[in-house]
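Novice: have a look at this prediction, sequence included:
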Amino acid sequence: MIGFSRSQEHKAMFEGHFGFRETPFSVTPDPRFFFSHPLYLEGLAALVHGIESKTGFMLVTGEMGTGKTILLRKLMCHMDARVHFVFVSDSHLTPYGLTQLMVQNLGLNNKEKTRFEMIQDLNSYLIHQLRIGHTVALLIDEAQKLSDEALEGLCDLSNLETDEEKLLQIVLVGQPELITKLNKSSLRRIKERIAIHHHLYSFQTTSEVDHYIRHRLQIVGYDGPEIFTKNGIEAIWHYSGGTPRLINTLCDTALAMACVAARKKVSPYMLMRAAGGLLSEQGAEAAKKDGCLGSWITQDESSALDDPSKALGNKRYRNKIERSA
Ligand SMILES: Nc1ncnc2c1ncn2[C@@H]1O[C@H](COP(=O)(O)OP(=O)(O)OP(=O)(O)O)[C@@H](O)[C@H]1O
Ligand SMILES: [Mg+2]
C-alpha cells in the first residue's frame with residue numbers, strides 16, 4: 001500500500017494534474033465548501049431562527065465527521081454583523097476559564113476579576129447590545145468533552161435575561177455522547193432549557209454522495225470530464241458509510257493515486273486501496289464494528305487489486321455493488 005500524506009504535496013499534484021485551484025477534499029471544515037444539502041440547510045435555518053428569536057439554549061449533535069463544525073463556521077459567516085459570535089472549542093475549560101474566555105473575546109476587561117464580577121460585566125454588556133439591536137451567541141464545539149462542572153457553569157450564563165428574552169444565546173455542539181451527558185441529573189437544568197435540537201446524519205444514498213463530491217469539485221473550479229465513475233461513487237458510499245469526513249479522506253487519497261498513475265479517472269480499485277489505508281489508520285477492528293469501512297477487503301482481495309482489471313471482476317466486490325444499486 002502506498003502511503004499518501006494529505007499535505008501541500010497533494011495540492012501541487014492536483015493543481016498540475018487535474019487543474020484544481022486548490023485541494024477539493026481537505027478535511028478542514030472550510031465554510032466555502034459548505035454543501036447545501038437539506039439536512040444542513042435545516043440545521044442552519046434552525047440555528048438562525050433560534051438566535052434571532054433569542055431562544056437561549058440550542059443543541060446540534062452528530063456522529064464524528066458528519067459536519068457539525070462546518071455548520072457552525074457557516075453560521076458565523078452567514079449571519080449579519082449584528083450577531084457577535086464567541087467560538088469555543090477547548091475541552092479543558094473550567095467554569096472560570098469559560099467565563100474569562102467569553103469576556104476576553106467580547107473585548108471586556110477580565111484582569112483580576114472574580115467570576116461573579118465578570119458575569120456582572122457581561123450582563124451590562126449584553127443589555128447594552130440588546131439596546132442597540134445586537135445579539136451575542138456563544139458557540140461551544142466539541143461540547144461532549146467539557147467537564148460536567150463547566151457545563152453546569154453555563155447555566156449561570158444562560159440565566160442572564162430580561163423579562164422577555166435570554167440575553168445570551170448558547171449553541172452546544174457535540175457527538176451523541178453529549179446527550180447522554182445532559183441526561184445526568186446534575187445537567188438536567190440545561191437539557192430542560194434546550195429549545196432547538198438538530199441532529200446531523202451521514203448521507204443515506206449514493207446520489208447524495210455524488211452531489212457532495214461534484215459540489216466540492218465545482219468549488220475548486222473543476223469542470224472537466226467525470227473523475228469518479230458511478231461504480232466509484234457507490235464504492236465511496238459503502239466504504240464511508242456516507243460520512244463526509246471519510247468521503248473526503250477516501251477521495252483525497254484516491255485522487256493522489258490517480259495522479260501518481262497519470263490517470264484522469266479514479267477507479268473503484270483505487271478507492272479500495274484508499275479504504276484499505278484508512279482501515280489500517282483507524283484500526284481494522286473498529287471499522288469492522290462500524291460495518292461501513294470496507295470490512296470486505298481481505299488479504300486475497302488486496303493482492304488481487306494490484307491488477308485493476310481484477311478489482312471489478314472480484315465477485316464479492318461486484319455483489320456488494322450490485323446489492324446497493
Ligand atoms: N455540509 C458540508 N459541506 C461541505 N463539507 C462538509 C459538510 N459536512 C462535512 N463536511 C466536510 O467533512 C469534514 C468533517 O466535517 P466537520 O469537521 O465539520 O465534522 P464534525 O462533525 O465537526 O466532526 P467531529 O465530531 O470529529 O468534530 C470536513 O472536511 C468538512 O469540510
Ligand atoms: Mg467538529
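Specialist: Okay, I see it. Ligands and ions are numbered 1, 2, ... in the order given.
Novice: so where's the stretch 201-325 of the chain uncertain?
Specialist: 279-325 (pLDDT under 70).
Novice: next up, the contacts around the closest residue to ligand 2 within it.
Specialist: Closest to ligand 2 within the stretch 201-325 of the chain is R245: 9.0 Å, counting by C-beta to the ion. For glycine as for every other residue, the C-beta is placed from the backbone atoms N, C-alpha and C. Counting by C-beta atoms under 8 Å, 6 or more residues apart in numbering, R245 touches V27, M64, G65, T66.
Novice: ditto for E52
Specialist: Applying C-beta under 8 Å, 6+ apart, the residues contacting E52 are T135.
Novice: quick check: it vs E165, distance?
Specialist: Separation of E52 from E165 (C-beta to C-beta, to the nearest Å): 11 Å.
Novice: which residues do those two both contact?
Specialist: By C-beta under 8 Å, 6+ apart, no residue touches both E52 and E165.
Novice: before we move on, back to that, in ChimeraX, select just the buried ones from the contacts of R245.
Specialist: Command for ChimeraX that selects the buried part of those, burial taken from 16 or more other C-beta atoms under 10 Å:
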select :65,66
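Novice: which pair in the contacts of R245 spans the largest distance?
Specialist: Largest separation among the contacts of R245 by C-beta to C-beta: V27 and T66, giving 12.8 Å.
Novice: residue with max distance from the center of the chain?
Specialist: Largest separation from the mean C-alpha position in the chain: E112, at 36.7 Å (C-alpha atoms, centre = their mean).
Novice: with just CA atoms, put the helix or strand encompassing H238 into PDB.
Specialist: When elements are assigned from DSSP states H and E, H238 belongs to helix 230-240. C-alpha atoms of helix 230-240 as PDB (Å, rounded to 0.1, in the frame of the first residue of the first chain):
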ATOM      1  CA  LYS A 230     -20.800   5.500 -11.000                       C
ATOM      2  CA  ASN A 231     -19.200   2.400  -9.500                       C
ATOM      3  CA  GLY A 232     -16.600   4.600  -7.800                       C
ATOM      4  CA  ILE A 233     -19.300   6.700  -6.100                       C
ATOM      5  CA  GLU A 234     -21.100   3.500  -5.000                       C
ATOM      6  CA  ALA A 235     -17.800   2.200  -3.600                       C
ATOM      7  CA  ILE A 236     -17.200   5.500  -1.700                       C
ATOM      8  CA  TRP A 237     -20.700   5.300  -0.300                       C
ATOM      9  CA  HIS A 238     -20.100   1.800   1.000                       C
ATOM     10  CA  TYR A 239     -16.600   2.500   2.400                       C
ATOM     11  CA  SER A 240     -17.500   5.800   4.100                       C
END
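Novice: contacts only, for the residue nearest the centre of the chain.
Specialist: Taking C-alpha atoms, centre = their mean, the centroid of the chain lies closest to G67, which sits 2.4 Å from it. Applying C-beta under 8 Å, 6+ apart to G67 gives the contacts P29, Y40, L200, P244.
Novice: ok, the first one to P176 distance?
Specialist: Distance from P29 to P176, counting by C-beta to C-beta: 19 Å.
Novice: and if you look at the third one?
Specialist: Look at L200 and P176: by C-beta to C-beta, they are 10 Å apart.
Novice: can you check L44 too?
Specialist: Applying C-beta to C-beta to L44 and P176 gives a distance of 20 Å.
Novice: before we move on, back to that, give me the more crowded residue out of P29 and P176.
Specialist: Between P29 and P176, counted using other C-beta atoms under 10 Å, P29 has the larger neighbour count: 19 against 13.
Novice: how far away is that one from R189?
Specialist: For P29 relative to R189 (C-beta to C-beta), the value is 30 Å.
Novice: now name the helix or strand holding the nearest residue to L182 once chain neighbours are set aside.
Specialist: Spatial nearest neighbour of L182, chain neighbours left out: K191 (4.3 Å); criterion: C-beta to C-beta, 6 or more residues apart in numbering. Taking DSSP H and E as the criterion, K191 maps to helix 188-193.
Novice: and what of A275?
Specialist: helix 268-282.
Novice: what helices or strands is that helix leaning on?
Specialist: helix 230-240, helix 244-260, helix 299-304, helix 308-313, helix 315-324 (3 or more C-beta pairs under 8 Å, 6 or more residues apart in numbering; DSSP states H and E).
Novice: so what pLDDT did the closest residue to ligand 2 within the stretch 51-200 of the chain get?
Specialist: Using C-beta to the ion, T69 is the residue of the stretch 51-200 of the chain that sits closest to ligand 2, at 3.3 Å. On pLDDT, T69 comes in at 98.
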